[in-house]
Structures are given as structure tokens and as C-alpha cells.
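Engineer: make a model of this:
(one chain, ligands or ions: 1)
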Amino acid sequence: MSLLPEKPLILGAGPAGLCVGWNLALMGLPVTILEKSDEIGGLSLTFHDDGYLLDLGPHNIHTIYPDILSFLNRVLGDDLRQHNPRVKIFFRKRLVSYPLKGIYVFKSLPVTTIIPAGLSFLWARAMMFLRDPKKDDSFEDWIKNRFGRILYNYYFGPYAEKAWKVRPSEISNYVAEKRVPILSLRDYIRGLFKKQPRHFHSEDLSQIKHYYPKKGVGQITDFLCRGIIENNGIIENNTSIVAVNGRGNRIESVTYEKGGTIKTVKTDFLFNTIPINDFINLLKTDVPHGVRRAASELDYCSEVLLYIKTSRQNIFETPLTYFADPDIKFNRVYEVGAFSKECVPPGKSALCIEYTCNIGDEIWTARAEELFKDAMDIFEHYGMLHHKEVEGYLIRRITHAYPRFRIGFEARLKKILDYLSTLENVITLGRQGLFCYANVDDVLYMGFRATEMLSTIRLKGINYSELFPRYVFF
Ligand SMILES: Cc1cc2nc3c(=O)[nH]c(=O)nc-3n(C[C@H](O)[C@H](O)[C@H](O)COP(=O)(O)OP(=O)(O)OC[C@H]3O[C@@H](n4cnc5c(N)ncnc54)[C@H](O)[C@@H]3O)c2cc1C
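Structural biologist: Okay, here's the model as predicted:
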């Protein structure tokens, strides 16, 4: 008996779903993908607008997986270019280097604060030897106990609140561990003498190799999509899933609405890559109450992206600029032309300005003109960009930009995954499907791994922490 499914069904056409679909289609299986939107590629698509190729936020590619890098090299050839996405942070009216090199941060603080901030930093570092780091539950505690209270109050706290749209005391320390490069005291001192740190963090962009496809990240998802279609796979756009139907511990079909018609498609193996809480809501199996509650307690940050097309290039000193001050509403800007000149018309560029928000709040509901005015007020004020250099603007809204890692999310997720692993013909994966901090390379890795391990999963059942240990670590 073959252990491969006869009717694989995939929910979501982002890179995770497409990667699974591509692998299965190449094995000759009749793949169907149901996708909610009218586009393909999820968060990793590149859309065309009047000669511009625009990603949904900066998609800088770096990976720890040699196989994924070889795959991308094979697929994109010379179009996968190495680049240098240098980063600066606009903080208290000046641009400082990232990761924070002690002296520059301290120099940007008010004069009267520099010495107390330095002492509080040194005190925090000294106390690190005496404290149990596992007790730092929240982002706030984690940062204060490594950088000191003053740097937290001036810099990390306000930025985190802006980027996550909740109080940093509610955000899990996982965010800080994942996203804040922390140098040892010795490496800070080396930094003062312009020497490279001895240890580095995956968020320290200066220490790793970076790639970007010549025509945007969508080159990857377009390739996968083409492969699926050429191998007789089906991608159904504009579908609204109504129910994931099951009996006992098996999923049997998915019911969806498209263009006013309700359809049910049968499946003997379901790959989920849509947000895990939505998936649990759609499940018509005997989902325990505690699992439904855990799903209702997971949420995602949304984003509005404002694109400003410009008549000149190199608007900022670096391709990526973070804006840390709390009175500036957006948190990051990436310059499209600095990522790839082929994504913009000759001599021109575009900025993509990220506003984190919650669905329905004042940013989510703001009109393009309002956000454009908001951003231009800042850029003009600091002499970064002038109205006369603007050739147009547009906005895009993203409902599920980032999983919001609140304290305790691991226990909720564990409850959900423990339940899902009792279903014998379902796997959930991807950034949304596993509610994890995952980039394009991570979700491609998950797609390859899920398909490689399919026979074992069908034979022995699924253990998420064995299958995806980097992402399911609890
Ligand atoms: C602002 C921003 C910046 C980023 N920067 C980088 C970067 O620098 N480098 C990097 O590698 N990665 C980056 N990423 C992350 C990258 O985009 C994601 O890791 C990747 O797209 C996740 O793939 P996925 O398939 O798991 O999920 P997604 O891309 O989110 O795809 C999920 C798909 O499911 C669909 N869907 C949702 N609900 C339903 C439903 N009910 N029914 C059917 N379909 C549904 C969605 O429409 C979507 O197409 C960034 C993301 C954002 C938002």
C-alpha cells in the first residue's frame, strides 16, 4: 500500500503551502490548494504597480539551511543576488547603527541621562551573573535585566510597544531572545575599538550572508506556483472556507464558498498553512473546549504598508531604517531600489513604510492620504524626502503580519498542537499554521520536511516537536 495521499489538499497559497504543493505535484499527486485572496504567494508575493515591483515589506533572505540555499540558487540562478541590507535606527533625531553599538546609543541620549544609563547598563550586566535568566518572563524584564532600566525606558520599551501594539510587559521574552542581538560586555568593549564581536545573533545582519531575488521575493512563490500548475495542480483563489469536516480522528473534506457557490472537496490528507486559530475555528471535529479557548487566545499583529514612489534613489543611508521614537507612528522603512534596482524604474525608487496596527484601529482604517501626510510630515521635517520628489503613493493592508507572542503563547500552542497531532491525516505548518517566528527560508524548509516525512507521519502519526524542533520547542 502506498503511503502517499491520493487526494492531498492544502489550505493557503503562501510559500509554505506552495512548497508542499510543488513537491507533491512533482511526485505526480493531484494537488489542490484553496487560497482566500485573489493573489498567490501570501506574505511573500511581489505585486506590480506601474513599473514598480513591490514586496509586502522587506524580504531579505538569509538561511541556516544549506539545502534551502541550494534550492533557491537552482531555482533563481543569477537572479538570486547577494546583497548587504545595512540597518540604521532613527532614534532621538539621529541615525544610529544597528545592532546597538554602546557608544552610539549612549551618545543619542539626553546628556544628563548618559551616566545613569551607563551605570544602569553595567549594573544589569553585573546582575546577570547572579540571576536566573529563566525568570525573565516578559520582553520588558528580559531587556531591563540585560540593558538596564534607562535604555529600556528610552529605547526598547517605546519601540516594542509601537511594533507589537501591546504593553511590553505582556509580550513574551521569546521576542527579545529572537529579535534583540545581545553582545557580551567584552564584545561591547571590542565594538568601542571598532572590532567585530566574537559571538553573533541571527538578527545581527552584519554577520551573515544575505540574498534578494532580482525581481522581488515573489520570484520564489511564482516559481512554485508555475511548477504546480505545469504538473496539473489546481490553485483555487477567492475561496472562503466554511468548514473542515471530519469524523473521529480523520479529516474527510473541506467545504468552501466561491463566487456564491458552495463546494465540498474530499481529501485523505490535509496540509494547513492558514492561521492556526482560524483553522481550529473551522474544524467540525470534536475539538475540546480548552483547545478552542487556547486558539481564541492567540492573535496576530496587522500592518498597513504605505508605498511612496520617489524620483530619486538612496533616500536613506541604509536600505532598512527603523524608527524607534514613540511619536513617530511607523516603525520601519525599506527602500525598494536599494534592495534591487530592477524593482524600480531607472533612476527612481520607492519606500515601503510599515505601520503595525490592529484591525479596526485608527491606522487600519486610515485612508492612504492620511498615512501619506503622516509619513511626509516626518520625512520633510527631518529633510529625508521632499514632496517634489514624490511621484505617487499607495497602501496595502495585511491582516496577519506577525504572530503576537504574548506571555504564555507556548502553552496555548502546545495544547492546540497536542490536539491536532491526534488527527491522523492533518499537518499544520508555516508561519501562520505553526504560529511561529518564521521567514521564507523557514517555511520552505517546513514544506520540504513535511513532504519528505509524509510516509513516516502517515505510518506513525505526527510529533511536532520532533518534526520541527526549531519552531516547536516546548
Ligand atoms: C512586513 C514583513 C516583512 C517580512 N520580512 C521578511 C524578511 O526580511 N525575510 C524573510 O525571509 N521573510 C520575511 N517575512 C516573512 C515571510 O513573508 C513569511 O515567513 C512567509 O510568507 C510565510 O509563509 P506562509 O506560507 O507560512 O504564510 P503566508 O505567506 O502568510 O501565507 C498564508 C496564505 O494563507 C492564505 N489564507 C489565510 N487564511 C485563509 C483562509 N481562511 N482560507 C484560505 N487561505 C487563507 C493567505 O491569504 C496566504 O496566502 C516578512 C513578512 C512581513 C509581513
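
Engineer: show me the shaky parts of this structure.
Structural biologist: Counting by pLDDT under 70, the chain has low-confidence residues at 1-2, 99-104, 133-134, 181-207.

Engineer: which bits of it sit near the ligand?
Structural biologist: Counting by Cβ under 6 Å from any ligand atom, the chain comes close to the ligand at 11-17, 34-37, 42-44, 56-61, 239, 241, 273-275, 278, 303, 354, 398, 400-401, 430-432, 438-441, 443. Quick note: C-beta positions are derived from backbone N, CA and C, even for glycine.

Engineer: quick one: contacts for the residue lying closest to Gly433 once chain neighbours are set aside?
Structural biologist: Closest residue to Gly433 apart from its sequence neighbours, by Cβ to Cβ, 6 or more residues apart in numbering: Thr273 at 4.4 Å. The contact partners of Thr273, by Cβ atoms under 8 Å, 6 or more residues apart in numbering, come to 10-12, 14, 16-17, 20, 42, 428-430, 432-433, 443.

Engineer: likewise for Pro58?
Structural biologist: Pro85, Pro319, Leu320, Arg332, Tyr334, Phe339, Cys352.

Engineer: in strands, which of these appear?
Structural biologist: Those of the contacts of Pro58 mapping onto strands are Leu320, Arg332, Tyr334, Cys352, per DSSP state E.

Engineer: I'd like those residues laid out as CSV, including distance to Glu252.
Structural biologist: CSV is the format used below for the ones in strands among the contacts of Pro58 (distance: Cβ to Cβ, whole Å):
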residue, distance to Glu252
Leu320, 46
Arg332, 44
Tyr334, 44
Cys352, 42
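
Engineer: buried ones only from the residues of the chain next to the ligand, please, as a ChimeraX command.
Structural biologist: Only the buried entries of these go into this ChimeraX selection, using 16 or more other Cβ atoms under 10 Å:
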select :11,12,13,14,15,16,17,34,35,36,42,43,44,56,57,58,59,60,61,239,241,273,274,275,278,303,354,398,400,401,430,431,432,438,439,440,441,443
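
Engineer: all helices in the stretch 351-474 of the chain, in order from the N-terminus.
Structural biologist: Taking DSSP state H, counting those that start in this stretch, the helices of the stretch 351-474 of the chain run over residues 368-381, 409-420, 430-433, 440-452, 454-460, 464-467.

Engineer: number of nearby residues for the nearest residue to Phe139 once chain neighbours are set aside?
Structural biologist: In space, and not counting its chain neighbours, Phe139 is closest to Ile171: 4.0 Å by Cβ to Cβ, 6+ apart. For Ile171, the count of nearby residues is 24 (other Cβ atoms under 10 Å).

Engineer: mind listing what Ile171 touches?
Structural biologist: By Cβ under 8 Å, 6+ apart, the neighbours of Ile171 are Ser138, Phe139, Glu140, Ala160, Trp164, Arg404, Phe405, Arg406, Ile407.

Engineer: can you check Lys144 too?
Structural biologist: Contacts of Lys144 by Cβ under 8 Å, 6+ apart are Ala124, Tyr152.

Engineer: got it, and Arg131?
Structural biologist: Here Arg131 is in contact with Asn145 (Cβ under 8 Å, 6+ apart).

Engineer: and it, what element?
Structural biologist: Per DSSP states H and E, Arg131 falls between elements, in no helix or strand.

Engineer: need the phi and psi values for it.
Structural biologist: phi -100, psi 160 (degrees, to the nearest 10).

Engineer: I figured Arg94 hits Val105, correct?
Structural biologist: No - in this structure, Arg94 is not within contact of Val105 by Cβ atoms under 8 Å, at 10.5 Å.

Engineer: of those two, who's got more company?
Structural biologist: A count of neighbours by other Cβ under 10 Å puts Val105 above the other of Arg94 and Val105, at 23 against 12.

Engineer: okay, now the domains of the protein?
Structural biologist: 8-40+216-297+406-467, 60-99+207-215+299-404, 100-203 (automatic domain parsing).

Engineer: can you add distance to Asp49 and give those back as TSV?
Structural biologist: Output for the domains of the chain, formatted as TSV (distance: least, Cβ to Cβ, whole Å):
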stretch	distance to Asp49
domain 8-40+216-297+406-467	12
domain 60-99+207-215+299-404	7
domain 100-203	26
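
Engineer: looking at those, which one is packed in the most?
Structural biologist: domain 8-40+216-297+406-467 (a mean of 20; mean count of other Cβ atoms under 10 Å).

Engineer: so how far is the lengthiest strand in the chain from its chain's centroid?
Structural biologist: Longest strand in the chain by number of residues (criterion: DSSP E): strand 390-404. Mean-position distance between strand 390-404 and its chain equals 13 Å (Cα atoms, centre = their mean, to the nearest Å).

Engineer: show me what it packs onto, helices and strands only.
Structural biologist: With contacts taken as 3 or more Cβ pairs under 8 Å, 6 or more residues apart in numbering; DSSP states H and E, strand 390-404 sits against strand 299-310, helix 368-381, helix 430-433.

Engineer: can you name the residue of the stretch 301-450 of the chain nearest the ligand?
Structural biologist: Per Cβ to the nearest ligand atom, Gly430 is where the stretch 301-450 of the chain lies closest to the ligand, at 2.6 Å.

Engineer: OK, contacts around that residue?
Structural biologist: Gly12, Gly14, Pro15, Ala16, Gly17, Thr273, Ala438, Val443, Met446, Gly447.
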